[in-house]
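Trainee: Predicted model and sequence follow; I will ask about them next.
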Amino acid sequence: MFQFNRINTLRNQIFLGFMLVMLLVLVSVGFFTYGQVSELLRNNAEKHIQQTAVQATGKMDVLLHQMDTFTMQVATNASIQTLMAKEVGGTQLTFEERQVLQHEIRKQQAYVSGVQSIELYTNGFRVLFPLTDISLFDRVPNEWIREVDHAAGQLVWFGIDPKNPNQITAIRRVRLIDQSFSNAGYLLVRIDKKYFELIDNETSSKEEMGLIDGSGQIIAANFSADIPQDVLQQTDSKRITMNGKAFIPVQKQLDAAAGWKVLILTPVDYATEGISVLRTAIEISIMVGGLLFLILTFILSTMITRPILNLIKAMRGAKYGSLKPIPVTSSTLEINELNNTYNQMVASLNELIEVVYQKEIIQSRTELKALQAQINPHFLFNTLEALYWALEDKDEEELSQVVVAMSGLFRYVINPADDDEWVKVTDELEHAERYLKIMEMRLIDRLNWRIEADDSCRRVPIPKLLIQPLVENAISHGVEQQLGQGAVVITVEPSDRTGYIRVSVFDNGPGMSFDKVQSLYAAMKLGHVHDAKGTGVGISNVDRRLRLYYGEEAEGLQIQSEQGAGTKMSFEIPIEHGGEWK
């Protein structure tokens, strides 16, 4: 417990509180900044990758379109169209005509690069160029020929030549323009793989690119390792791993070649290189900021708590009677104000102690004189009893009963100092009854009274002298203030609130207006309401004692009155209470 109190100091609370707030702010800002900037960097990296893919795809489409244009020019050449039409007409070309055909093809080939060979075949798959004696079936698979037939004159790309891995094969139908585009034969082109280079040697790029044909074969690439077929087929994957290294794949389909695509693999660490730098910068900023704030918080907490500790030492000395002012030396305005306030309090307390000490001396002397002058209660009770027996001997029964009532009244009020202040409700009612008997003798036939008490309420504990002051007030301000006979009714019954009883005192006097009742409530709060003669306990005393004894449980004294309809004063008390009579 001692160690906990040592830790739970204002200095440590300020230090830890500021540190937690600062760390929370730094971490929150760091996470927010990291999230926003990393998202921006990631988007920029993705845009860069997409832009690279678009550029590579555009380059490949241009090369493929160039080759498509070249083969179209060869197939639609006038001389070649004429010779192919003769072959379609059933007349085989002579050797000289085939040489003319060769000349025309060579002339067209001179204007393009990357074409390694061009072959021209008839509808019967017989070769026309070059000057050899081979068949188209000997050069390409049968399914390729069928695919070209279904292409309706379009150039069909087949990828790597099975017989020469360094060449790419493409075939298109030769159609006769003058004969309603009827088929005249086949044009086969073999292109060098270097024609499809994606990345120039002069440019340095960390992306790895590859041109993939429809069958999944790599046409051209700069991959650092062999690409498995399952990787080539993963078109929707956002990340792939090869040889323990993660890549971000991007694939773009080519428009000029069905099924062909460009595959770009970007290393993840390259794409997130800026994010790693950002994370490191944020971590360093948080650590440096936290260290600086740690030092500043320590200095600030010391500046605040050191003067307070000096003030605590001075206040501890007050427990032993040492009320001494402390010097004001702090450079902080609030601390100086606190020290000045303490010094003023010390001066005021020392002055007050001196005044109270003198008052206690004077009061002690006054009480001593009052005790010396006080009538002995026993002498008063003995005198009243002697008077009672003298009246009995003279048959003055009514007067003797009044004397008995007065004796009981005095005995109830004047008790030894160590008697309990709590009595039963029945005791309070008996005391009020004795008072009413005395008042009945004084007022003769002007007072009519009765007491109505539920038997279940008579043993409820109640503070002494709560009912009789209300009866006295009812007689003074009610019965005595009207002509004719007055009535006082005391009622004790269970309250509507569970666990409470209600005590009421009613008189049929002149009553009070609403404003008078409200002024009476206000006066009770100030404690200025007394009985008519100014000598009794007073209703304000009853209200105050109710609130002191019962606290929040009591609602205080309630007043109900109307002009010409009398006045009713009542209060509620709990049946069980900590001060219960036993």
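Mentor: Received the coordinates, thanks.

Trainee: Let me know the next secondary structure element after the top helix by length along the chain.
Mentor: Counting by DSSP state H, the longest helix found in the chain is helix 10-75. Using DSSP states H and E, the next helix or strand after helix 10-75 towards the C-terminus is helix 78-88.

Trainee: Just read off the phi/psi values of residue 132.
Mentor: Torsion angles at residue 132 (phi, psi; degrees, to the nearest 10) stand at phi -130, psi 180.

Trainee: on that earlier part again, pLDDT averaged over the longest helix of the chain - what is it?
Mentor: Here helix 10-75 scores 80 as its mean pLDDT.

Trainee: which other helices and strands contact the helix or strand hosting residue 487?
Mentor: Residue 487 belongs to strand 486-494 when assigned by DSSP H and E. If you count contacts as 3 or more Cβ pairs under 8 Å, 6 or more residues apart in numbering; DSSP states H and E, strand 486-494 packs onto helix 425-443, strand 447-453, helix 468-474, strand 500-507. C-beta: built from backbone N, CA, C; applies to glycine.

Trainee: Around residue 140, how many other residues sit close by?
Mentor: Using other Cβ atoms under 10 Å, residue 140 is surrounded by 22 other residues.

Trainee: ok, now the one 10 residues further on?
Mentor: As a burial measure, residue 150 scores 9 neighbours (other Cβ under 10 Å).

Trainee: quick one: contacts for it?
Mentor: Under the criterion of Cβ atoms under 8 Å, 6 or more residues apart in numbering, residue 150 has no contact partners.

Trainee: which of the residues in the longest strand belonging to the chain are buried?
Mentor: Secondary structure of the chain per DSSP state E: the longest strand is strand 164-176. Counting neighbours by 16 or more other Cβ atoms under 10 Å, one finds that the buried residues in strand 164-176 are 167-176.

Trainee: helices and strands around it, which ones?
Mentor: Counting contacts by 3+ Cβ pairs under 8 Å, 6+ apart, strand 164-176 packs against helix 10-75, helix 78-88, strand 115-122, helix 142-150, strand 156-161, strand 182-192.

Trainee: chain center to it: distance?
Mentor: Offset of strand 164-176 from its chain centre (Cα atoms, centre = their mean, to the nearest Å): 69 Å.

Trainee: and the angle for it with helix 78-88?
Mentor: Per axes from the mean of the first three to the mean of the last three Cα atoms, to 10 degrees, the angle that strand 164-176 makes with helix 78-88 is 80 degrees.

Trainee: what lines up beside strand 164-176 in the sheet?
Mentor: Strand 164-176 has its sheet partners listed here by DSSP bridges as strand 156-161 (antiparallel), strand 182-192 (antiparallel).

Trainee: Mind checking these for the one nearest to residue 282?
Mentor: Taking Cβ to Cβ, strand 156-161 is the member of these nearest to residue 282, at 48.9 Å.

Trainee: Can you give the contact residues for the closest one?
Mentor: 64, 140, 144, 147-148, 167-172, 190, 193, 213-215, 217, 219, 257-258, 260.

Trainee: again with stretch 262-269
Mentor: 45, 49, 52-53, 56-57, 60, 198, 206-212, 221, 223, 227, 232, 239-240, 242, 245-252, 254, 276.

Trainee: go again using 6 Å as the cut-off
Mentor: The contact list for stretch 262-269 (Cβ atoms under 6 Å, 6 or more residues apart in numbering) reads 49, 53, 56-57, 60, 207-212, 246-252.

Trainee: Just the buried ones among the residues you listed, please.
Mentor: 49, 53, 56-57, 60, 207-212, 247-252.

Trainee: Now do residue 483: how many residues are near it, please.
Mentor: Residue 483 has 6 neighbours, counted by other Cβ under 10 Å.

Trainee: gap between it and residue 510?
Mentor: Separation of residue 483 from residue 510 (Cβ to Cβ, to the nearest Å) stands at 10 Å.

Trainee: cool, residue 538 as well?
Mentor: Relative to residue 510, residue 538 is positioned 20 Å away (Cβ to Cβ).

Trainee: just residue 78 next, same as before
Mentor: Residue 78 is 139 Å from residue 510, where distance means Cβ to Cβ.

Trainee: Same check on residue 485?
Mentor: From residue 485 over to residue 510 (counting by Cβ to Cβ), the distance is 14 Å.

Trainee: Between those two, which is the more surrounded one?
Mentor: Shown here are residue 485 and residue 510; by other Cβ under 10 Å, residue 510 has more neighbours (16 against 12).

Trainee: wait, what's in contact with the more buried one?
Mentor: Going by Cβ under 6 Å, 6+ apart, residue 510 touches 481-482.

Trainee: what do you get if the cut-off is 10 Å, keeping everything else the same?
Mentor: For residue 510, the contacting residues are 477-478, 481-482, 561-567, by Cβ atoms under 10 Å, 6 or more residues apart in numbering.

Trainee: Give the helix, strand or coil label for it.
Mentor: Here residue 510 is coil, with the state taken from DSSP: H, G, I helix; E, B strand; the rest coil.

Trainee: Looking at it now. What's its pLDDT?
Mentor: Taking residue 510 on its own, its pLDDT is 89.

Trainee: Report the secondary structure state of residue 111.
Mentor: Look at residue 111: counting by three-state DSSP, its state is coil.

Trainee: separation between it and residue 69?
Mentor: Distance of residue 111 to residue 69, computed by Cβ to Cβ: 11 Å.

Trainee: okay, these two: which has more neighbours?
Mentor: residue 69 (12 against 9).

Trainee: Now do the same contact list for the more buried one.
Mentor: Residues in contact with residue 69 (Cβ under 10 Å, 6+ apart) are 112, 155.

Trainee: And residue 29, by the same measure?
Mentor: 282, 285-286, 289.

Trainee: how deep is residue 431 tucked in, by neighbour count?
Mentor: Residue 431 - counted by other Cβ under 10 Å - has 22 other residues nearby.

Trainee: Please renumber the chain so that the first residue is 437 from this point on.
Mentor: Right, with 437 as the first residue, what we last looked at is residue 867.

Trainee: Name the surrounding residues that touch stretch 488-495.
Mentor: Here stretch 488-495 makes contact (Cβ under 10 Å, 6+ apart) with 632-635, 641, 643, 645-647, 686-692, 696-700, 702.

Trainee: Might you calculate how far it sits from the centre of the chain?
Mentor: In terms of Cα atoms, centre = their mean, the centre of stretch 488-495 is set 49 Å apart from its chain centre.

Trainee: for the stretch 637-786 of the chain, what spans make up the strands?
Mentor: Shown for the stretch 637-786 of the chain, the strands assigned by DSSP state E, counting those that start in this stretch span residues 644-648, 654-657, 676-678, 681-689, 697-703.

Trainee: per-residue pLDDT, the nearest residue to residue 523 once chain neighbours are set aside?
Mentor: Excluding its sequence neighbours, the residue lying closest to residue 523 (Cβ to Cβ, 6 or more residues apart in numbering) is residue 558, at 5.4 Å. Note on residue 558: pLDDT of 92.

Trainee: what's the burial count for residue 564?
Mentor: When neighbours are defined as other Cβ under 10 Å, residue 564 has 24 of them.

Trainee: Counting by contacts, list what the one helix or strand it maps to packs against.
Mentor: Per DSSP H and E, residue 564 falls inside strand 563-565. Judged by 3 or more Cβ pairs under 10 Å, 6 or more residues apart in numbering; DSSP states H and E, strand 563-565 is in contact with helix 514-524, helix 531-545, strand 551-558, helix 572-575, strand 618-628.

Trainee: okay, those in TSV with distance to residue 862 next?
Mentor: Converted to TSV, these look like this (distance: least, Cβ to Cβ, whole Å):
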stretch	distance to residue 862
helix 514-524	139
helix 531-545	135
strand 551-558	130
helix 572-575	132
strand 618-628	125
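
Trainee: out of the ones you listed, which comes closest to residue 928?
Mentor: Closest to residue 928 of those is strand 618-628 (Cβ to Cβ; 120.0 Å).

Trainee: Please save the CA atoms from the closest one in CSV.
Mentor: The C-alpha trace of strand 618-628 is given here as CSV (Å, rounded to 0.1, in the frame of the first residue of the first chain):
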residue,chain,number,x,y,z
SER,A,618,-12.4,-16.6,-103.3
ASN,A,619,-9.6,-18.6,-101.7
ALA,A,620,-6.5,-19.0,-103.8
GLY,A,621,-4.0,-20.4,-101.4
TYR,A,622,-2.0,-19.9,-98.1
LEU,A,623,0.6,-17.4,-97.1
LEU,A,624,2.9,-18.6,-94.3
VAL,A,625,5.3,-16.2,-92.6
ARG,A,626,8.0,-17.0,-90.1
ILE,A,627,9.2,-14.1,-87.9
ASP,A,628,12.3,-13.9,-85.7
